[in-house]
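In: fold the following.
(one chain, ligands or ions: 1)
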Amino acid sequence: MIPIQGELTTISDLRLSTTNAVLHVRVSRMWEFREGGNEKGNIKHLDLVLIDLKGDAIYAEIPLDVIPILKPQLREKLIIFIGKFVVEKAKPGYKVVHNPYMLRLNRRTTIATSNANDLDFPKYTFSLTPIEILPQFVKNKECFLVVRNTAGGLMMRRIIKLQNLSLPVDATPVEKIDLPNEVQTHVAFEERNLLQLNDIDPFTQKDERYQCTVTIIGIPEKQHWCYRACRVCSSKMISASDGFQCTKDGGYPSKQFEWKYKIPFIVADGTYTLEFMMFERRATELIGKSAETLRKYNDLDIIPNEISQWIGHKFTFVVRILYKKSMRTEHPSFEVLLIKDRHGKQAVLPLLNTQSSAQETGTSSALLPTKDLPELMTISSKTPTD
Ligand SMILES: [Zn+2]
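Out: Next up is the predicted model:
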């Protein structure tokens, strides 16, 4: 029996598709990554090297806002069970251990101390670079470790310049849309309000579908309303040296893309505010035009009127959690699978009521999800351009 929820696995069995796994590992290394490559820089994230019983190692990163939650549970040499982490491709310019993947921890990550025999677990795995040959690694982005001798003995610290972090921010594959059958229009789904949806766990409830009645209250500024989709698998395409390439792991080497919708609607229902993402098929149903058509007359970062006109409209949607995205964020995002009912344009938007009542009564500070949600755009008109 393992003390936390999930399925026990090993580092070598991890894949991008892994979602609810538990690792039994030793914290081999733990260090702070600081901005600017020196100790005076602000902390950007907390980094770990984890090793399992088989001796495989993986790099894990704890984002800044999650450090206060996870750091007290961790220290070097500790053997732990760890669950609810996100498996990602290793950063191209930032390799501590030889592993094609890395882990990104989050506020839902679970950690339990193991009482495994200390002698069973490997302590170190990664190769050290001798100081004498370090100069030859200057400007090498593949791997750099700095070994220093401090008063307390040998200490390792990686120093990295931020401009060396060449990971494309938009490399996340857009999740494949699993479209419901027409039959499901008549199926009853469990009704949830947004406050309840906010509690859905992307690690354990990723396949559940819920019905929810909400009003679209905005679209975040500076976000794109469509993306370059791979013609083969609909994953996001990113620019490469020779055109564009699909970001799907082990994906088809496609170079062709087409524009597809990915509209980040902000919705509210009087209990909470969340992001409901609408992809190509549902958005085309709503708007009456394909993204490819709309893109011909509209910039990527300006929300077309055809989309913004839906702000203020109330709908009953069937949704499912976008688990890959939600595993990284404090508040979950959902995909609209089905537009079940349209209730027309609303005279009053629910957000305003929620915010003021939550503030006045002071019910809970957690009621106001402002952190993950980008600023809302002006409701009545298109975003002005500078
Ligand atoms: Zn593809």
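In: tally of neighbours for Thr113?
Out: 12 (other CB atoms under 10 Å). Backbone N, C-alpha and C define where each C-beta goes, glycine included.
In: same question, Asn38
Out: So Asn38, with other CB under 10 Å, has 8 neighbours.
In: can you check the one 10 residues further on too?
Out: As a burial measure, Leu48 scores 22 neighbours (other CB under 10 Å).
In: same question, Val336
Out: 26.
In: in terms of secondary structure, what does the helix or strand it falls within contact?
Out: Taking DSSP states H and E as the definition, Val336 sits inside strand 333-345. When contacts are defined as 3 or more CB pairs under 8 Å, 6 or more residues apart in numbering; DSSP states H and E, strand 333-345 sits against strand 209-218, strand 273-279, helix 280-287, strand 313-321.
In: pLDDT weak spots in this structure?
Out: 37, 125-187, 249-254, 351-386 (pLDDT under 70).
In: output the set of residues of it in proximity to the ion.
Out: Within reach of the ion by CB under 5 Å from the ion, the chain has these residues: Cys230, Val232, Cys233, Ser235, Cys246, Lys248, Gly251.
In: any quick PyMOL command for the buried ones out of the residues you listed?
Out: Here is the PyMOL command that selects the buried residues among the residues of the chain next to the ion (16 or more other CB atoms under 10 Å):
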select buried, resi 230+233+235+246+248
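In: dump the residues of the chain next to the ion into CSV; add secondary structure as well.
Out: Shown next, in CSV, are these (DSSP: H, G, I helix; E, B strand; the rest coil):
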residue, secondary structure
Cys230, strand
Val232, coil
Cys233, coil
Ser235, coil
Cys246, strand
Lys248, coil
Gly251, coil
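In: residue contacts, the one residue in the stretch 1-150 of the chain that gets nearest to the ion?
Out: Across the stretch 1-150 of the chain, the shortest distance to the ion (CB to the ion) belongs to Leu16, at 13.6 Å. If you count contacts by CB atoms under 8 Å, 6 or more residues apart in numbering, Leu16 has them with Val87, Glu88, Lys89, Tyr101, Asp249.
In: again, but for Thr109
Out: Here Thr109 is in contact with Val66, Leu70, Ile82, Gly83, Lys84, Phe85 (criterion: CB under 8 Å, 6+ apart).
In: any idea how far Pro92 is from the nearest residue to the last one once chain neighbours are set aside?
Out: By that I understand Phe85. Excluding the flanking residues, the one nearest Phe85 by CB to CB, 6 or more residues apart in numbering is Leu103, at 4.5 Å. Noted for Leu103: a distance of 16 Å to Pro92, by CB to CB, to the nearest Å.
In: tilt between the strand holding Val336 and helix 280-287?
Out: 10 degrees (axes from the mean of the first three to the mean of the last three CA atoms, to 10 degrees).
In: next, the buried residues of strand 333-345.
Out: Buried residues in strand 333-345 (16+ other CB under 10 Å): Ser333, Phe334, Glu335, Val336, Leu337, Leu338, Ile339, Lys340.
In: same check, this time on stretch 232-252
Out: For stretch 232-252, by 16+ other CB under 10 Å, it's Cys233, Ser234, Ser235, Lys236, Met237, Ile238, Phe244, Gln245, Cys246, Thr247, Lys248.
In: can you check stretch 19-32 too?
Out: Under 16+ other CB under 10 Å, the buried positions of stretch 19-32 are 19-30, 32.
In: circling back to that earlier point, which of the helices and strands packed on strand 333-345 is buried the deepest?
Out: strand 273-279 (a mean of 24; mean count of other CB atoms under 10 Å).
In: domain parsing of this structure, as residue ranges.
Out: 7-164, 182-367 (automatic domain parsing).
In: now do the helices in the chain.
Out: Counting by DSSP state H, the chain has helices at residues 67-70, 194-197, 280-287, 291-295, 305-308, 323-326, 350-361.
In: bridged to the residue lying closest to Trp225 once chain neighbours are set aside, which residues?
Out: Residue nearest to Trp225 in three dimensions, not counting chain neighbours: Ile263, with 5.1 Å by CB to CB, 6+ apart. Beta-bridge pairing for Ile263 (DSSP bridges): Met278.
In: burial of Ile263, as a residue count?
Out: 24.
In: these two touch, right, it and Glu275?
Out: No: using CB atoms under 8 Å, Ile263 is not in contact with Glu275, being 10.1 Å away.
In: wait, what's in contact with the residue lying closest to Leu48 once chain neighbours are set aside?
Out: Spatial nearest neighbour of Leu48, excluding adjacent residues (CB to CB, 6+ apart): Ala60 at 4.3 Å. Residues near Ala60 by CB under 8 Å, 6+ apart: Asp47, Leu48, Val49, Leu50, Phe85, Met102, Leu103, Arg104, Leu105.
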